[in-house]
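Peer 1: Provide a 3D model corresponding to the input given below.
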Amino acid sequence: MKLSNSVQMREIDKYAIEKLGISGVTLMHNAAEHITTATLEHLPLGSNVAVFCGTGNNGGDGIGTAAALKSKGIGVRVFLIGDQSKFSPETEEMLKRFELAGGALELFSIVEDSIETYLSTCGVIVDAIFGIGLNAGLEDDALTAANMINASDAFVIAADIPSGVLADTGAVPTTAVMADLTVTFSLAKIGHFINPGSTHCGEIRILNIGIPFDILNGAVSSVFAVLPENINLPCRKPGSHKGDYGRCFIVAGSIGLTGAPILCARAASKMGAGLVFLATPERIYDIIASKLVEEMPFPLPNDKQGRLSANATSEILRRIKECDVCLIGPGLGQSDDIAELVRSILSMSKKPIILDADGINALGGNSSPLCKVSAPVILTPHHGEFVRLVGNVPSGERLRSARSFAKQHNCYLVLKGHRTIIAMPDGTAYINTTGGPAMAKGGTGDVLAGMIAALIGQRLPIKDALITAVFLHGYAGDLCAAEFGDYSVSASDIINMIPQAIKEVHATDEGMAVV
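Peer 2: Residues are numbered from 1 along each chain as shown. Presented below is the predicted three-dimensional model:
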């Protein structure tokens, strides 16, 4: 699903009005009708509605909603933040409709002291203070109003995007309205899906306000949200054998970090890999071998601390030639030998390389080895690992930083976290829509790395492999959370839920609600 930015949406609206002859009043009326419908769905019988509006067209959507509700006999008050003289002609038209229905605009600064009492009678609050044009944090009356809304027990509906969330980045510079439902128009916005803005949106509904679908479909975007219909899995044909489904080679583990390689290998098997080989330090080989039945571990030379030594490099490179993909890093630990080993693999491998965890840390903040590779490289850092690699990443800059890094280094980047970002070498990016706090456990990243390796090993195009693995990983976590609760999900639970995640995604033709 393509995601738009504020400039693009303004251009689309302008084109619809100036070239197609669709009036701005019609667009605003249609937006208000959608918000009204959502309000009525969630409004308890006999309760009131509060609308907080600003002076832009987002405020006009809110006033139009109030007019429609007032005409239906519903108690509604509209609190204006800002100067009414800045209203557009379309917003002025919505205000006339509200006044004809018996309503009156109230200045927030004048009635502020009485608002909290009124909010206690409201079943729904409509946030129409700022829309997608906001480019700074909330302050003064807008900040006070957002805090009031967030303190209320009412169901909160945001018009287009919660006030305080920057539509182009998902940043929240000060605070933002916490919506239960966001009703957005024409196209979803980047800020709906990037953390921290994504956590303020609640359920997202994308609704048409009268702009022709061919205009929306023709909009060019380089950022997309991943939905079930984007998931691709290799077809398993009758008469095929294990060699047809990829030879995955994993280099992982060290003393005290024996779980990571086990989880990686098991996840790769569960994700369909035909053969999984695991290179691990000799000191922990017996532990690993006792835990793996279907995967094939083998020992390599280690140093005195039980970490792989540089002497293992030649054997690793020989094994890579016999496999389809190499995953290196989970639980390796850090040492000069490991840094040398990782650099050698990057410079000499002709097969796709996935760098995870200590494979990334081995770069020591120096990304120049990535520019000297002759095979595709995929990095899968969490936020801390990414910061160690590139320096500080301010809130709201995750998407820009991920896209810039992938393009600059001609690599693939999976920046893990809430709403994982998958950045491609061509500058495009995909935002995952599955996963939640139940997955905030050690080992879940190792599971994802193994899933990615399995799909690349099955010769799925790398873009499809990353999108599919990240989505299914998060969805398996969501299924685990539904069954076990957020507190008790383990990485092993996620591995065991992969088959169910695959079955459910393949079974749906309509997709799932984005929450």
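Peer 1: going forward, measure contacts and count neighbours with C-alpha atoms only.
Peer 2: Fine.
Peer 1: count of neighbours near residue 374?
Peer 2: 14 (other Cα atoms under 10 Å).
Peer 1: residue 407 versus the closest residue in space to it that isn't next to it in sequence, what's the distance?
Peer 2: Nearest residue to residue 374, sequence neighbours excluded (Cα to Cα, 6 or more residues apart in numbering): residue 350, at 6.2 Å. Between residue 350 and residue 407 the distance is 20 Å, computed by Cα to Cα, to the nearest Å.
Peer 1: before we move on, what about residue 58?
Peer 2: Between residue 58 and residue 407 the computed distance is 35 Å (Cα to Cα).
Peer 1: more neighbours, those two?
Peer 2: Comparing residue 58 with residue 407 by other Cα under 10 Å, the one with more neighbours is residue 58, at 27 against 18.
Peer 1: ok, the more buried one - contacts?
Peer 2: 128, 129, 130, 131, 159, 160 (Cα atoms under 8 Å, 6 or more residues apart in numbering).
Peer 1: now, the residues you listed that are in strands?
Peer 2: Using DSSP state E, the members of these that fall within strands are 128, 159.
Peer 1: for the contacts of residue 58, name the two members farthest from one another.
Peer 2: 129 and 160 (10.4 Å; Cα to Cα).
Peer 1: where does the residue nearest to residue 374 land in three-state SS?
Peer 2: coil (DSSP: H, G, I helix; E, B strand; the rest coil).
Peer 1: where does it fall, phi/psi-wise?
Peer 2: phi -100, psi 0 (degrees, to the nearest 10).
Peer 1: look at it and report its pLDDT.
Peer 2: Looking at residue 350, its pLDDT is 95.
Peer 1: residue 375 is in contact with that one, correct?
Peer 2: Yes - between residue 350 and residue 375 a contact is recorded at 5.1 Å, counting by Cα atoms under 8 Å.
Peer 1: burial check on residue 474, number of neighbours?
Peer 2: 26.
Peer 1: please report how far it lies from residue 500.
Peer 2: Plainly put, residue 474 is 12 Å away from residue 500 if you go by Cα to Cα.
Peer 1: repeat for residue 300
Peer 2: Taking Cα to Cα, one finds residue 300 at 36 Å from residue 500.
Peer 1: who's more crowded, these two?
Peer 2: Shown here are residue 300 and residue 500; by other Cα under 10 Å, residue 300 has more neighbours (21 against 14).
Peer 1: next up, the contacts around the more buried one.
Peer 2: 279, 280, 281, 282, 308, 312 are the contacts of residue 300 under Cα under 8 Å, 6+ apart.
Peer 1: go again using 6 Å as the cut-off
Peer 2: Each residue near residue 300 by Cα atoms under 6 Å, 6 or more residues apart in numbering is listed here: 280, 281, 282, 312.
Peer 1: the strands in the stretch 301-450 of the chain, which residues?
Peer 2: Here the stretch 301-450 of the chain has its strands, by DSSP state E, counting those that start in this stretch, at 325-328, 353-355, 377-379, 412-415, 421-423, 429-431.
Peer 1: tell me which of these sits most buried.
Peer 2: strand 421-423 (a mean of 29; mean count of other Cα atoms under 10 Å).
Peer 1: flag the shaky bits of the protein, pLDDT-wise.
Peer 2: 508-515 (pLDDT under 70).
Peer 1: which helix is the longest one in it?
Peer 2: Longest helix of the chain, by residue count under DSSP state H: helix 462-484.
Peer 1: elements contacting the helix or strand just after it?
Peer 2: For helix 462-484, the following helix or strand on the C-terminal side (DSSP states H and E) is helix 491-507. If contacts are counted by 3 or more Cα pairs under 6 Å, 6 or more residues apart in numbering; DSSP states H and E, helix 491-507 sits against helix 462-484.
Peer 1: try it again at 8 Å.
Peer 2: Secondary-structure packing of helix 491-507 (3 or more Cα pairs under 8 Å, 6 or more residues apart in numbering; DSSP states H and E): helix 259-270, helix 444-457, helix 462-484.
Peer 1: winner for burial among these?
Peer 2: Highest mean neighbour count of the helices and strands packed on helix 491-507: helix 444-457, a mean of 30 (counted as mean count of other Cα under 10 Å).
Peer 1: next one: that helix to chain centre, how far?
Peer 2: Distance of helix 444-457 from the chain centroid (Cα atoms, centre = their mean, to the nearest Å) equals 18 Å.
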